[in-house]
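Novice: give me a 3D structure for the following:
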Amino acid sequence: VKVDDTSKIDNYYTMAENAYDAGNKKEAENYCNKIIEIDPANYKAWLLKGRAAGWQSTLANIRIEESVNCFNKAIDNSPEDKVEEIKKVASDEISNLSLALITLCCDNYSKNGSINNVNTIKKNVQAVNLYSLLLLAKCGVKATDLNDSIALKINGAVVNAYLNDIKKDYWGSTGHPSKAAWDRYTEQCLAAIDLIDLAINLIDDDGTAEKTCYENKISILEELESSGSYHYSNGGWS
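Specialist: Numbers count the residues shown, from 1 in each chain. I've put the predicted structure just below:
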């Protein structure tokens, strides 16, 4: 005897949508899981779960891979007349999610130009490259716009981090930094330049954005070079 769970599924889905719209992404994901337990091929539940899981991401717990897996399930199980619609929703969601995650870690780096924050940006970009871009390709969407947006975010974060933290921290109030400060400044500058190179590689074609990145890279390199004009000996600068 086959049990008709249609009403139960519909009820769970309504609750999932309501929870998602109310900003309770975890609750929405839980209701989607209940649906999937009953009907593993429910494309609507997979799609909403992908959205709910992805937007619960934090810098400590990036859930892009889970989100992409859910979107793939939604696409693979959707009716033929719904495939293109689901692909559009999935590609838009993963693009917005990817950019939001990059923005979050770039905002942190803008305030604190530490090596750890540089590595966080790199880790997020790697996750986007591993998962998001594959989904976009499956949906027939070129990643040009997403990559360009990420590149601009990274470039802007480097400029802010350098001016507001790295350079400011190095020169301090005395104008005569210590050897330890110079070593830290050098390390942070080189890491910032690595990020600009990452941004340059993401940009699709030559243009204003790439030119701006190169100009910022040159500026940091020139200031890094001039920072070594002080001569350090016997424990002090001269």
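Novice: where's the residue nearest to the spatial centre of the chain, which helix or strand?
Specialist: Centroid-nearest residue in the chain, with Cα atoms, centre = their mean: Ile102, separated by 2.6 Å. Assignment of secondary structure by DSSP states H and E places Ile102 within helix 83-111.
Novice: list the buried residues in that helix.
Specialist: For helix 83-111, burial by neighbour count (16 or more other Cβ atoms under 10 Å) applies to 83, 86-87, 89-91, 93-95, 97-99, 101-106, 108-110. For glycine as for every other residue, the C-beta is placed from the backbone atoms N, C-alpha and C.
Novice: so what secondary structure elements neighbour the helix or strand hosting Ala52?
Specialist: Using DSSP H and E, the element containing Ala52 is helix 43-54. Here helix 43-54 touches helix 6-21, helix 25-38, helix 64-77, helix 83-111, going by 3 or more Cβ pairs under 8 Å, 6 or more residues apart in numbering; DSSP states H and E.
Novice: in a markdown table: these, plus mean pLDDT.
Specialist: As requested, the helices and strands packed on helix 43-54 are arranged in a markdown table below (pLDDT from 0 to 100):
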| stretch | mean pLDDT |
| --- | --- |
| helix 6-21 | 96 |
| helix 25-38 | 97 |
| helix 64-77 | 97 |
| helix 83-111 | 96 |
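Novice: ok, the nearest residue to Leu130 once chain neighbours are set aside - contacts?
Specialist: Of all residues not flanking Leu130 in the chain, Glu65 sits nearest, at 7.5 Å (Cβ to Cβ, 6 or more residues apart in numbering). By Cβ atoms under 8 Å, 6 or more residues apart in numbering, the contact list for Glu65 reads 127, 130-131.
Novice: go through those and say which is closest to Ala16.
Specialist: Distance ranking of the contacts of Glu65 against Ala16, using Cβ to Cβ, places Tyr131 first at 23.1 Å.
Novice: and the gap between that closest one and Ile62?
Specialist: To Ile62, Tyr131 is 10 Å away according to Cβ to Cβ, to the nearest Å.
Novice: could you do Ser95 as well?
Specialist: Counting by Cβ to Cβ, the gap from Ser95 to Ile62 is 16 Å.
Novice: next one: Ala137
Specialist: On the measure of Cβ to Cβ, Ala137 and Ile62 end up 20 Å apart.
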